[in-house]
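Trainee: this one's structure only:
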């Protein structure tokens, strides 16, 4: 059994001193992310360390995000004893004797976003999927966790240039922040979610190939986002997927069920 014997970061040294950027590449599979990493298809992301193979907290967008915003981020697949899993955020209201593990930021409120707001952060959400679009009651739930939330149709997964549009807005917002104000920003990258066939010329159906092409497109846009935060000040970045997806493996299509390709996701965190 592989165990994490020490923290890679102490969040108590981060909160209140660093901006926090949370980038979720919706539906990204671990195997695809790792292959692109190894073959040099994601040069921007590769600058910030290798992907960790992790277990997703949910098998589709809504439950996975509810868990992540409550502090239950993806955990390393090789760590079978929960007390050895690295955690960044810990709710004071639940579990493990209500004592935060070493190096974990203990937050008050229903989400760590709310906890960071209590520490003086301005919180931003830039949505992608319909769970963030604010056009329906369910689409208003998660954006409501943030002080500022944004969505428009050009951010949606049916738009080939969606990541470009999302990052355009993110860069404008971070550059407009005044003085020493700390920012926590969450971006739900929609491009890798279905449909993604249009990232490979001539394709009419989604596949592992088009999934990988969508990731390469996203990677090419991330440099502008990371650069804007680096210019603003020290930034702690969480970068991961919320769940994977299937393209016919074992007869399964897409996600919303438990399958190794859905349950296994890439994760990394790093400092700009």
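Mentor: Looks like it came in fine. Nothing here was measured: the structure is a model prediction, and the numbers come from that model. Residues are numbered from 1 along each chain as shown.
Trainee: strands of the stretch 101-250 of the chain, start to end?
Mentor: For the stretch 101-250 of the chain, the strands defined by DSSP state E, counting those that start in this stretch occupy 105-107, 122-126, 148-150, 183-189, 235-240, 246-247.
Trainee: out of these, which comes closest to residue 29?
Mentor: With C-beta to C-beta, the closest approach to residue 29 among the strands of the stretch 101-250 of the chain belongs to strand 246-247: 8.7 Å. Bear in mind the C-beta positions are built from the backbone N, C-alpha and C, glycine included.
Trainee: list of residues touching the helix or strand just after the closest one?
Mentor: Next helix or strand after strand 246-247 toward the C-terminus (DSSP states H and E): strand 253-254. For strand 253-254, contacts defined as C-beta atoms under 8 Å, 6 or more residues apart in numbering pick out 194, 245, 246, 247.
Trainee: of all pairs in those, which one is the farthest apart?
Mentor: Those two in the contacts of strand 253-254 that are separated most widely, counting by C-beta to C-beta, are 194 and 246, at 10.7 Å.
Trainee: which residues touch the lengthiest helix in the chain?
Mentor: Secondary structure assigned by DSSP state H gives helix 208-232 as the longest helix of the chain. For helix 208-232, the external contacting residues (C-beta under 8 Å, 6+ apart) are 19, 21, 23, 25, 27-29, 32-33, 35-36, 41-45, 163-164, 167, 170-171, 174-175, 177, 183, 187, 189, 191-192, 196-200, 203, 235, 237, 245, 247, 272.
Trainee: now that helix against strand 183-189, angle please.
Mentor: With axes from the mean of the first three to the mean of the last three C-alpha atoms, to 10 degrees as the basis, helix 208-232 and strand 183-189 are set at 160 degrees to each other.
Trainee: picking that back up, tell me the most packed of the contacts of strand 253-254, by neighbour count.
Mentor: Neighbour counts for these peak at residue 245, which has 28 neighbours (criterion: other C-beta atoms under 10 Å).
Trainee: what about that residue, distance to residue 110?
Mentor: Separation of residue 245 from residue 110 (C-beta to C-beta, to the nearest Å) stands at 28 Å.
Trainee: then residue 119?
Mentor: Going from residue 119 to residue 110 by C-beta to C-beta gives 15 Å.
Trainee: got it, and residue 222?
Mentor: Distance, residue 222 to residue 110, by C-beta to C-beta: 29 Å.
Trainee: do residue 27 as well
Mentor: With C-beta to C-beta as the criterion, residue 27 and residue 110 are 25 Å apart.
Trainee: mind checking which of the two has more residues around it?
Mentor: residue 27 (27 against 14).
Trainee: the stretch 1-150 of the chain: helices as residue ranges?
Mentor: 30-38, 43-46, 61-69, 112-118, 138-141 (DSSP state H, counting those that start in this stretch).
Trainee: in contact with the residue lying farthest from the centre of the chain, which residues?
Mentor: The outermost residue of the chain relative to its centre, with distances by C-alpha atoms, centre = their mean, is residue 202 at 29.8 Å. Residue 202 makes contact with no residue, according to C-beta under 8 Å, 6+ apart.
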